[in-house]
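In: The sequence isn't on hand, but the structure is:
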């Protein structure tokens, strides 16, 4: 029974961690290359979830809705970058925080105006609604396995894009030494727009895939944005490899702590005290982990070296 619980929590952690990676990869590239703090990144995740839910209902197909929702989220991200965010690149970080925080609030109200206050239901495809027997006596959600597979495939595609393509060379140069990359010429504005569009598309994928697991509702991007920032701080700002391993660590620790800490507290204190203390302790586990890692490696696990 304990081994089954362990395997289940590992898979849950991988599922959540890989979706965090999709969010964190775009966020770390935007921060590493553009030197921009974008608090509206979580809003693109929310928009992606809403678009996928709406288009899935309209097309009566989850996969068509997911594809169109990701494309729509990428287009919205490009439009935001061209019309508003580009004006913040040369501003200081305080101006970027205030500007993108305002954009986040505006986005929440627009989503509430269009779709209302009530959460929207997004169901997974019927073919993945059951469970798969991975080991004798151990069943796991088919849709959860699908999310893990999607995360790994997209992570591999992003790795190949960053390491094997000309665009990836420009991205790595910008992340390693932004000033020198700008001094070497090239169409910097186009690079920024492409990177932002890729980041928005990854948000759309994460929002669409997590929609059936979590509630699609106004403000859903804020809590997961905090975790995405924790991921890039742990992994190293500007590092996609750091975002990948940081996201897996955060996903596994967050999932395990919310399951194991309550079980541990029940053994050492009364049920009432455990019910009050365990959720609070579990919620700070990843922040304690971040503090420990930064104490040992102040630039993160995989920093981009200038």
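Out: Right, received. Where do you want to start? Just so it is clear, the model here is predicted, and its values are computed rather than measured.
In: Kindly check the end-to-end length of stretch 136-144 for me.
Out: Using C-alpha to C-alpha, to the nearest Å, the end-to-end distance of stretch 136-144 comes to 18 Å.
In: Give me the buried stretch members for that stretch, please.
Out: 140-141, 143-144 (16 or more other C-beta atoms under 10 Å). In this view, the C-beta of every residue, glycine as well, is placed from N, C-alpha and C.
In: Pretty sure residue 228 sits against residue 42.
Out: Yes - counting by C-beta atoms under 8 Å, residue 228 touches residue 42, with 7.3 Å between them.
In: Between these two, which contacts overlap?
Out: Taking C-beta atoms under 8 Å, 6 or more residues apart in numbering as the criterion, residue 228 and residue 42 both touch residue 23.
In: So the residue nearest the centre of the chain: helix, strand or coil?
Out: Centroid check for the chain by C-alpha atoms, centre = their mean gives residue 23 as the closest residue, at 2.4 Å. Three-state assignment for residue 23 (DSSP: H, G, I helix; E, B strand; the rest coil): helix.
In: Residue 140 looks like it's in a strand, true?
Out: Yes - when classified by three-state DSSP, residue 140 is found to be part of a strand.
In: what's the pLDDT at it?
Out: We have a pLDDT of 85 for residue 140.
In: so the closest residue to residue 28 other than its chain neighbours is in which element?
Out: The shortest distance from residue 28 to any non-neighbouring residue, by C-beta to C-beta, 6 or more residues apart in numbering, is to residue 232 (4.2 Å). Counting by DSSP states H and E, the element that carries residue 232 is helix 220-235.
In: Whatever helix or strand residue 247 lives in: which residues count as buried?
Out: Secondary structure from DSSP H and E places residue 247 in helix 240-268. For helix 240-268, the neighbour count (16+ other C-beta under 10 Å) marks 240-258, 260-262, 265 as buried.
In: which helices and strands sit right next to the helix or strand just after that helix?
Out: Next helix or strand after helix 240-268 toward the C-terminus (DSSP H and E): helix 271-283. Here helix 271-283 touches helix 240-268, going by 3 or more C-beta pairs under 8 Å, 6 or more residues apart in numbering; DSSP states H and E.
In: Mind jotting down where the strands sit in this protein?
Out: Taking DSSP state E, the strands of the chain run over residues 131-135, 138-141.
In: Name every strand pairing with the last one and say which way it goes.
Out: Strands adjacent to strand 138-141 in the sheet, as given by DSSP bridges, are strand 131-135 (antiparallel).
In: so residue 11 makes contact with residue 148?
Out: Yes - between residue 11 and residue 148 there is a contact under C-beta under 8 Å: 7.0 Å.
In: Just the pLDDT for the residue nearest to the centre of the chain.
Out: Listed pLDDT for residue 23 reads 87.
In: which non-adjacent residue is nearest it?
Out: Among residues not flanking residue 23 along the chain, residue 228 sits closest, at 4.5 Å (C-beta to C-beta, 6+ apart).
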